[in-house]
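A.B. asks: Provided below are the primary sequence and the corresponding predicted coordinates.
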Amino acid sequence: MNEQESPGEPRRRRRDPEGHRAAILEAARHTFTERGYARTTLREVARRADVTHGLISRHFVSKERLFLAAMPGNRDLEQVAAGDPATLPERIAHGFVQRMETDAANDSLVALMRSAATDEQTATRLLAAMQERSVRVYRSVLSPDVSGDPGADLDARVALVGSQLIGVTFSRYIARAEPLASMPSEQLTEHLARTLRHILYG
């Protein structure tokens, strides 16, 4: 029997966690792309996904975590990191350059820097969420395979990797400063991989 809806009451929905999650992510991608990070609200995403604001909070906790789950970059971190720890720097460099060359305008690092220019607190929260996720993912790859304790400085090394990627993002894809702006992507990947290897393994 169909349920009757009263005027002004939200429509009752079937329990479908995976379907709701997919709808939220799709709506978030479109909204973040159209409006940017700072101007996007969870209520607008909820409206587009046809779910409640509370349901978004239950799935993703915060706007920062929704952004990282929906947009390129941090969203793909697990797939990039998975594999042999010995070649992790090359995978990070290749994945970063490939996604930036494809769609830098919608990347999470670009959003971070744009937010920093207008809203320092928002940028700080977004950076903290990115670093938290990066540390968790990289630790899962490095800790089991590094001889001995991976070290208390693992968090610092991961933060330095992020700082390196942020620097390249700004120089090549925002400021378009030479020589990085016109460097062939293959050459950029090679240089970046060497730098990341030094940061992660010394």
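C.D. replies: Arrived safely, thanks for sending.
A.B. asks: residue contacts, the residue nearest to Ser62 when sequence neighbours are not counted?
C.D. replies: Excluding the flanking residues, the one nearest Ser62 by Cβ to Cβ, 6 or more residues apart in numbering is Ala129, at 7.3 Å. Heads up, the C-betas are built off the backbone N, CA and C, glycines and all. With contact taken as Cβ atoms under 8 Å, 6 or more residues apart in numbering, Ala129 is in contact with 62, 64-65, 68.
A.B. asks: So which of these belong to helices?
C.D. replies: 64-65, 68 (DSSP state H).
A.B. asks: As a markdown table, the residues you listed with distance to Gln187 would be great.
C.D. replies: Shown next, in a markdown table, are these (distance: Cβ to Cβ, whole Å):
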| residue | distance to Gln187 |
| --- | --- |
| Glu64 | 33 |
| Arg65 | 35 |
| Leu68 | 29 |
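A.B. asks: which among these gets closest to Pro17?
C.D. replies: Ranked by distance to Pro17 (Cβ to Cβ), these are led by Arg65 at 16.4 Å.
A.B. asks: measure the nearest residue to that closest one once chain neighbours are set aside to Thr102 for me?
C.D. replies: Spatial nearest neighbour of Arg65, chain neighbours left out: Ala129 (5.8 Å); criterion: Cβ to Cβ, 6+ apart. The spacing between Ala129 and Thr102, counted by Cβ to Cβ, to the nearest Å, is 23 Å.
A.B. asks: sorry, back to before: the residue nearest to Ser62 and Met71: what is the separation?
C.D. replies: 12 Å.
A.B. asks: One more: Leu88?
C.D. replies: From Leu88 across to Met71, the span is 22 Å (Cβ to Cβ).
A.B. asks: One more: Ala86?
C.D. replies: Per Cβ to Cβ, Ala86 is found 29 Å from Met71.
A.B. asks: Looking at these two now, which is surrounded by more residues?
C.D. replies: Remark: of Ala86 and Met71, Met71 carries more neighbours, 23 against 10, as counted by other Cβ atoms under 10 Å.
A.B. asks: Count the neighbours of Val45 for me.
C.D. replies: 28.
A.B. asks: so which helix or strand takes in it?
C.D. replies: Taking DSSP states H and E as the definition, one finds Val45 inside helix 42-49.
A.B. asks: Using PDB, write down the CA coordinates of the helix or strand following that helix.
C.D. replies: Later in the chain than helix 42-49, the nearest helix or strand by DSSP H and E is helix 53-60. Taking C-alpha atoms only, helix 53-60 is exported to PDB below (Å, rounded to 0.1, in the frame of the first residue of the first chain):
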ATOM      1  CA  HIS A  53      20.600  16.900   5.700                       C
ATOM      2  CA  GLY A  54      20.900  14.500   8.600                       C
ATOM      3  CA  LEU A  55      21.500  11.500   6.300                       C
ATOM      4  CA  ILE A  56      24.500  13.300   4.800                       C
ATOM      5  CA  SER A  57      25.900  13.900   8.200                       C
ATOM      6  CA  ARG A  58      25.400  10.200   9.200                       C
ATOM      7  CA  HIS A  59      27.200   9.000   6.000                       C
ATOM      8  CA  PHE A  60      30.000  11.600   5.800                       C
END
